[in-house]
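A.B. asks: below is the sequence, then the predicted model.
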Amino acid sequence: MSVSARTFSRRQMIKTAAAGAVAIAAPVSTAVAQQTTSGAAQSRFAGDLVLTNGKFVDGRGQIGTTLTIRNGRIASVGKATPVAPDARRIDLGGRTVVPGLFDAHVHYTRAGVNPGYEARRIERAFSIAELQEAIAERAKSVPPGQFITCIGGWNHTQFAEARRPTKAELDAAAPKHAVYISGTGGGTGAITNTLGSTFLASKGVMVDEGTGVVAAAGPAVAALQAAQTMEDKLRGTADLNAHANSLGLTGVINAGNLDDQEFALRLWRENKLTIRMRPLFPADSPQDVETRVLNNFSQGGRAVGDDLFRVAGFGERIGGTDTMSTQFEPTARMIAKHGWLLQQHSISIKENDFHLQAFQSIAREHPIDKLRWSIIHLQSIDEARLKTLKALGAGASAQTWLYLSAAGGPPFRRIVDSGIPAGVGTDSTNVSALDPWLSMFYMTTGRNLAGTLTNDGQQVSRVEALRLYTEGAAWFSFDDHQVGSFVEGKYADLAVLSHDYLTVPDHMIRQIESVLTLVGGNLVHASGNFANLRR
C-alpha cells in the first residue's frame, strides 16, 4: 500500500474534524490518541456555563452581551437560551470579550525551552523602572539563585531612556537571582548582573566587570543551556503557556525545532497543555516529505491526535534553508501530492516571485486551492502578486517583527484590501515579541516599539486587526471552522479583557491582557475579580 493511501489527506482531515472526529497529530501511542480536547490542564466548569453582561466582539464587531457554553462549545450568542437548572453564570461586569487569539506563525516551542525562568513581560516595559518592575515581579516566583532571563523579543529603544539597563539596575531588581537578558536588533547585546556574571565567568564567558555587558551572546546562552535539565524545559514550556493564556492567546501554528516540540507533546500527554498547538514540520527533499508523512503524521496508517495538539503540515522553509533552493519545487510538489498544508518563508519580492511560480507549476498537476498553502512574512508584497496568490486559493500570512525596527512593513492594509485569506503572527520570540497586543498596536497605528510612525498608510482598523489575529490566523491550520469567532457550534475559546480594546487610547492597547481565558469552555487563566473561579 502506498504512503498516500495509508494516511489521511488534508481534505479528508477537514471532513473528519468538521464532524468532531479525531484529527492528525505527531506520533503518540494508541492510548494517548484517545485523549480529547477536554484533557487540557484546566478547571472544568460542570454543566452549562452562561457569560452575562459582557461586550462580545469578534471580526464582525460587537455581536452581543451574553454567551452560553455547552460541552465546550458555543451554544448561543447574544440571546437567551434554555439551560440546565444548575447552569453556572458569570457576570463579566461589562468587560469586552474577544475570541481566543491565534498566532499564525510563531517559534513557540523554541521559546518554551529557552534557559532560565523567562520574564517575558519585559516586552511591554517602556522605561528602565518598568523593566526592573517586570524582573522583580518574576523574581517572586523563581527560586533564589536561579537565572531570570529574557532572550529576544525586546529592544532597548522601547525604553524612555533609549538605553540598556546597567548591571547595578539589574542587581537592584533581583538581588537574590542571576539575571541574563538579550534584546533583538539594533546591535543589542546581552547584559547580566553580579550573580549572573559570576556564573558566566566560571564557564569561560567574557563579561565586562563594570557594566555587565556580555561579550558574545552565543557562548552565554550555550552555558545556560548546558545547565538545563529535561524537566527545566518542560517547566519552561508550561510557563510560556501560562504567560500566553494571560494575554488571551489560545492557539499557535508552531514553526519549531523537532526537539522543542517534544515538550508540548509531553504536556498534552499529561493533560497539561493549555493552548491549541499546531506544529509544522521541515522538509528538505521529496524523500523527507515521504518520511514525515509516514512516521510523523500517522501511526500505523491511522491518524491520531485531537483538536488541542494536531500537526498542521510543512514549513517554514521547504527544500532547505536556502529559500530559493532548487529543491523547493520538487519538495513542495510532494507535499501537494500528499494533500498537506505548506507555509513558506518569503520576505522579498524576488522570493515572492520564485515561490509563486513554483505554486503555479505545481497547481497544474496537483490542485492546491483546498490545501491552505501560504507564503509568510511578506514585507513588500504588491497587489499583482497578492492577486496571483489569491487566484491559486492560497493565503497571505504577515508577521509583526518589524514592530521592533525602524523599518516599515508589512503592508497590512494592502493585504486586507486584496480580499485574500489573511492572518498575522509574531515570528517570536528571538526576533519579535510574543505579546499579541503589541502586534495589535503596531497594525492599527503603524507605530513601532518607540512610538515612531514607521508603517504609515498600511494601518488597519481595530476590528480588522482582531479578525487577522483570530479567524484569519486560524484559517492557516484549518481551524477557522472551529475557533476564531462567536458562532454557535465553535469551540468556546475566548478572552475577557482588562480594557475595552475598541475604545481605549492607542497607547493603552499595549497594556491589555486577559483576566479570564477559556479554551474549549474550560478555564486556563483567571486573575483579578475572576481569580476565585480557580478554586
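C.D. replies: Cool, the structure landed.

A.B. asks: where does this protein have low pLDDT?
C.D. replies: 1-42, 46, 185-188, 296, 298-305, 535 (pLDDT under 70).

A.B. asks: for it, what's the longest strand?
C.D. replies: Longest strand in the chain, counting residues (DSSP state E): strand 276-283.

A.B. asks: tell me what the strand or helix carrying Ala238 is packed against?
C.D. replies: Using DSSP states H and E, Ala238 sits within helix 230-246. In this structure, helix 230-246 packs against helix 108-112, strand 117-118, helix 258-269, strand 514-519, strand 522-526, with contacts taken as 3 or more C-beta pairs under 8 Å, 6 or more residues apart in numbering; DSSP states H and E. C-beta: built from backbone N, CA, C; applies to glycine.

A.B. asks: among the ones you listed, which is nearest Asn71?
C.D. replies: Closest to Asn71 of the helices and strands packed on helix 230-246, according to C-beta to C-beta: strand 522-526, at 10.9 Å.

A.B. asks: how many other residues sit next to the nearest residue in space to Gln458 that is not next to it in sequence?
C.D. replies: Among residues not flanking Gln458 along the chain, Arg413 sits closest, at 4.4 Å (C-beta to C-beta, 6 or more residues apart in numbering). The tally of other residues near Arg413 (other C-beta atoms under 10 Å) stands at 18.

A.B. asks: ok, and what's touching the host helix or strand of Arg413?
C.D. replies: Here Arg413, judged by DSSP H and E, is contained in helix 412-418. Residues from elsewhere that reach helix 412-418 (C-beta atoms under 8 Å, 6 or more residues apart in numbering): 378, 381-383, 386-387, 390, 396, 398, 422, 424, 443, 455, 457-460, 464-465, 468.

A.B. asks: recalculate using a threshold of 6 Å.
C.D. replies: Here helix 412-418 makes contact (C-beta atoms under 6 Å, 6 or more residues apart in numbering) with Leu386, Ala396, Ala398, Ala422, Met443, Gln458, Val460, Glu464.

A.B. asks: ok, how many other residues are close to the fifth one?
C.D. replies: Yep, that's Met443 we're talking about. 28.

A.B. asks: which SS class is it?
C.D. replies: Using DSSP: H, G, I helix; E, B strand; the rest coil, the structure places Met443 in helix.

A.B. asks: check the last one too.
C.D. replies: Reducing the assignment at Glu464 to three states with three-state DSSP gives helix.

A.B. asks: on that earlier part again, past the helix holding Ala238, which element shows up next along the chain?
C.D. replies: Going down the chain from helix 230-246, the next helix or strand is strand 249-254, by DSSP H and E.

A.B. asks: what residues sit buried inside stretch 129-144?
C.D. replies: Going by neighbour count (16 or more other C-beta atoms under 10 Å), the buried part of stretch 129-144 is Glu130, Leu131, Gln132, Ala134, Ile135, Ala136, Arg138, Ala139, Val142.

A.B. asks: which member of the residues you listed is positioned nearest Leu49?
C.D. replies: Distance to Leu49 across these (C-beta to C-beta) is lowest for Arg138, with 32.3 Å.

A.B. asks: would you list every one of the strands in the stretch 301-450 of the chain?
C.D. replies: Ranges of strands in the stretch 301-450 of the chain, per DSSP state E, counting those that start in this stretch, are 313-318, 341-346, 374-377, 395-399, 422-425.

A.B. asks: for Pro175, which of the helices and strands packed on helix 230-246 is the nearest?
C.D. replies: Proximity to Pro175 (C-beta to C-beta) singles out strand 117-118 among the helices and strands packed on helix 230-246, at 15.7 Å.

A.B. asks: on that earlier part again, could I get the buried residues of stretch 129-144 as a markdown table with distance to Arg235 and secondary structure?
C.D. replies: Converted to a markdown table, the buried residues of stretch 129-144 look like this (distance: C-beta to C-beta, whole Å; DSSP: H, G, I helix; E, B strand; the rest coil):
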| residue | distance to Arg235 | secondary structure |
| --- | --- | --- |
| Glu130 | 26 | helix |
| Leu131 | 24 | helix |
| Gln132 | 24 | helix |
| Ala134 | 19 | helix |
| Ile135 | 19 | helix |
| Ala136 | 21 | helix |
| Arg138 | 14 | helix |
| Ala139 | 16 | helix |
| Val142 | 11 | coil |
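
A.B. asks: returning to what we had before: tell me which of the strands of the stretch 301-450 of the chain is the most buried.
C.D. replies: Comparing the strands of the stretch 301-450 of the chain by mean neighbour count (mean count of other C-beta atoms under 10 Å), strand 422-425 ranks first with a mean of 30.

A.B. asks: hang on, the earlier thing: and the longest strand of the chain with strand 514-519, angle?
C.D. replies: Relative orientation of strand 276-283 versus strand 514-519 (axes from the mean of the first three to the mean of the last three C-alpha atoms, to 10 degrees): 70 degrees.

A.B. asks: how close does Asn529 sit to Glu231?
C.D. replies: Distance of Asn529 to Glu231, given as C-beta to C-beta, to the nearest Å: 34 Å.

A.B. asks: correction: Cys150
C.D. replies: For Cys150, the distance to Glu231 - C-beta to C-beta - is 21 Å.

A.B. asks: which one of these two is surrounded by more residues?
C.D. replies: Ranked by neighbour count (other C-beta under 10 Å), Cys150 and Glu231 place Cys150 first, with 26 against 9.

A.B. asks: and the host helix or strand of that one, what does it pack against?
C.D. replies: Here Cys150 sits within strand 147-151, counting by DSSP H and E. With contacts defined as 3 or more C-beta pairs under 6 Å, 6 or more residues apart in numbering; DSSP states H and E, strand 147-151 has these neighbours: strand 117-118, strand 178-182.

A.B. asks: circling back to that earlier point, how about JSON lines for the contacts of helix 412-418, with distance to Asp260 added?
C.D. replies: Formatted as JSON lines, these follow (distance: C-beta to C-beta, whole Å):
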{"residue": "Leu386", "distance to Asp260": "32"}
{"residue": "Ala396", "distance to Asp260": "26"}
{"residue": "Ala398", "distance to Asp260": "24"}
{"residue": "Ala422", "distance to Asp260": "27"}
{"residue": "Met443", "distance to Asp260": "27"}
{"residue": "Gln458", "distance to Asp260": "32"}
{"residue": "Val460", "distance to Asp260": "32"}
{"residue": "Glu464", "distance to Asp260": "32"}
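
A.B. asks: will you turn the strands of the stretch 301-450 of the chain into JSON lines that also has distance to Arg164?
C.D. replies: JSON lines is the format used below for the strands of the stretch 301-450 of the chain (distance: least, C-beta to C-beta, whole Å):
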{"stretch": "strand 313-318", "distance to Arg164": "30"}
{"stretch": "strand 341-346", "distance to Arg164": "30"}
{"stretch": "strand 374-377", "distance to Arg164": "28"}
{"stretch": "strand 395-399", "distance to Arg164": "25"}
{"stretch": "strand 422-425", "distance to Arg164": "28"}
